[in-house]
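Participant: no letters, just coordinates:
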């Protein structure tokens with residue numbers, strides 16, 4: 001389970017693996033004097049505790065179909081949904097590198113990772129700064145082109161074999177890749193959530209595979 005992180009608007013979020021989800025909600029109920037209600041919507045499940053604490057679980061690979069509002073704790077449909085085995089394509093991109101792969105559950109079964117030299121911005125002025133900026137722009141273009149090529153070669157031919165695509169890394173870099181028409185089928189299957197990751201490496205891809213099938217739960221105290 002990933003470390004808790006702060007979320008915009010207050011509160012924090014945790015990521016819970018499918019096999020621990022039922023137990024996590026049981027413990028949530030115990031810690032908060034029981035559960036008042038559970039509201040199941042297509043893309044999120046809202047659990048309100050007796051003391052007013054709210055846990056909102058974002059549904060991966062949605063939507064859910066068993067909808068409604070229930071008294072007490074009733075997260076069975078969500079748990080059943082996330083326990084279904086899935087194959088997921090992963091695309092992780094930052095300017096310094098990229099990692100792509102296919103995961104079966106939380107296990108990466110195929111991957112390709114590469115690193116790229118992209119210099120930071122220069123504080124110098126005049127012609128030196130312009131030359132540095134042009135050099136950096138060239139490095140960025142090369143890095144993104146390599147990421148697009150690997151995504152096209154490794155992921156696109158296998159899209160018929162996967163249930164979803166999960167993205168991670170720098171959103172601006174990912175937006176640049178969206179402009180590559182070869183990758184349109186890939187982005188069409190992408191989940192809304194973008195994983196926050198450090199520099200893409202093979203070990204980071206393993207971690208992303210587990211996080212991809214996990215449930216993000218956002219907690220807000222009473």
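Facilitator: All right, it came through fine. The structure presented is a predicted model; accordingly, all values stated were derived computationally and were not measured.
Participant: now do the domain split for the protein, please.
Facilitator: Domain ranges of the chain: 5-84+214-220, 87-212, per automatic domain parsing.
Participant: doesn't residue 22 belong to a helix?
Facilitator: Yes: counting by DSSP: H, G, I helix; E, B strand; the rest coil, residue 22 is located in a helix.
Participant: buried residues in stretch 201-216?
Facilitator: By neighbour count on 16 or more other CB atoms under 10 Å, the buried set for stretch 201-216 is 204-216. Quick note: C-beta positions are derived from backbone N, CA and C, even for glycine.
Participant: out of the helices and strands in the chain, which is least certain?
Facilitator: Across the helices and strands of the chain, the lowest-confidence element by mean pLDDT, DSSP states H and E is helix 126-150, at a mean of 72.
Participant: where in the chain is pLDDT low?
Facilitator: Where the chain drops to pLDDT under 70, the residues are 1-3, 117-136, 138-139.
Participant: quick one, strands of it?
Facilitator: Using DSSP state E, the strands assigned to the chain run over residues 5-6, 12-16, 35-40, 44-49, 54-58, 68-71, 87-94, 97-104, 107-115, 164-169, 190-195, 215-220.
Participant: how about the fifth one: buried residues?
Facilitator: If you call a residue buried by 16+ other CB under 10 Å, then strand 54-58 has these buried ones: 54-58.
Participant: other residues contacting that strand?
Facilitator: Applying CB atoms under 8 Å, 6 or more residues apart in numbering, the external contacts of strand 54-58 come out as 25, 28, 43-49, 75, 78, 193, 215-220, 222.
Participant: rerun at 6 Å
Facilitator: For strand 54-58, contacts defined as CB atoms under 6 Å, 6 or more residues apart in numbering pick out 28, 44-48, 215-220.
Participant: can you pick the most crowded of these?
Facilitator: Counting neighbours by other CB atoms under 10 Å, residue 47 leads those with 27 neighbours.
Participant: which residues pair with the closest residue to that one other than its chain neighbours across the strands?
Facilitator: Of all residues not flanking residue 47 in the chain, residue 55 sits nearest, at 4.6 Å (CB to CB, 6 or more residues apart in numbering). On the basis of DSSP bridges, residue 55 is bridged to residue 47, residue 219.
Participant: closest to residue 67 out of the buried residues of strand 54-58?
Facilitator: Among these, residue 57 lies closest to residue 67 (CB to CB), at 13.9 Å.
Participant: so how far is the first residue of stretch 166-181 from its last?
Facilitator: Across stretch 166-181, the terminal residues are separated by 18 Å (CA to CA, to the nearest Å).
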